[in-house]
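S.K.: Any chance you can model this:
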Amino acid sequence: MNETHEDLSQSLEDYLEAILYLEEQHEAARVKQIADILQVRMPSVTNALKHLREKSLVNYTKNSSISLTREGKELARQVTHRHRTIRTFLKDVLKLSHEDAEETACRIEHVIGNEFTLRLSMLNRFFKTSIAGTPRDDDWKRLLDARYKP
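M.R.: You can find the predicted model right below:
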C-alpha cells in the first residue's frame, strides 16, 4: 500500500490524480471537470473533496477552483508515476492493448508500494534498452501473441 497515506482510499487517490491532471492542463480544477474525468456525479466529487481537505491534501471551498496542497501534489505525483510505470510494463513488456493496459494499471496502482514501483521501472528500462527494436523483441511479441491469442 502507499507508504505516505495508507488510510487514503483508492477512489480518493483517483481524485488526486484527476486534480493533478487538471492543474497541469488548466492551472486549477473545477468540480464539474473532475466529475467528467472520473465519470461520477458532482455531489460525489464534493464529498471526496471534503475528505481530501480534511487530510490537508487539497485547497477547496464551495464554488471555487480546487488545487492540491504541497502534500497532495506529492501524493498525486506518486500515484500518477505508479500508474504510468504499470501501464508501460503492461503495454511494452507484456504487449497488452492500450485499453487493457490502462484499465489494469488503474486497478493495480493503488495496491503496490514505492519499492515495487521502483523495481518495475527498472525492469521497464531494461526491456527498453536491452530488447526494443531487436529481433529478441519481435520474438518476445510473437511468443506472447501465439500463447495468448484472444
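
S.K.: Would you mark the buried spots in the helix or strand V79 falls within?
M.R.: Here V79, judged by DSSP states H and E, is contained in helix 70-88. Using 16 or more other CB atoms under 10 Å as the test for burial, helix 70-88 gives 72-73, 75-76, 78-80, 82-83, 85-88. All C-beta spots, glycine's among them, are computed from the backbone N, C-alpha and C.

S.K.: show me where the chain has strands.
M.R.: 58-59, 67-68 (DSSP state E).

S.K.: Which one of the ones you listed lies nearest to L16?
M.R.: Smallest distance to L16 across the strands of the chain (CB to CB): 6.9 Å, for strand 67-68.

S.K.: Packing partners of that closest one?
M.R.: Where contact means 3 or more CB pairs under 8 Å, 6 or more residues apart in numbering; DSSP states H and E, strand 67-68 is packed against helix 10-26, strand 58-59.

S.K.: what mean pLDDT would you report for the shortest one?
M.R.: The predicted model gives strand 58-59 an average pLDDT of 96.

S.K.: One more: stretch 10-26?
M.R.: Rounded mean pLDDT across stretch 10-26 is 93.

S.K.: I'd like the distance from the residue lying closest to Y15 once chain neighbours are set aside to I34, if you could.
M.R.: Using CB to CB, 6 or more residues apart in numbering and skipping the chain neighbours, the partner closest in space to Y15 is A48 (4.8 Å). Look at A48 and I34: by CB to CB, to the nearest Å, they are 8 Å apart.
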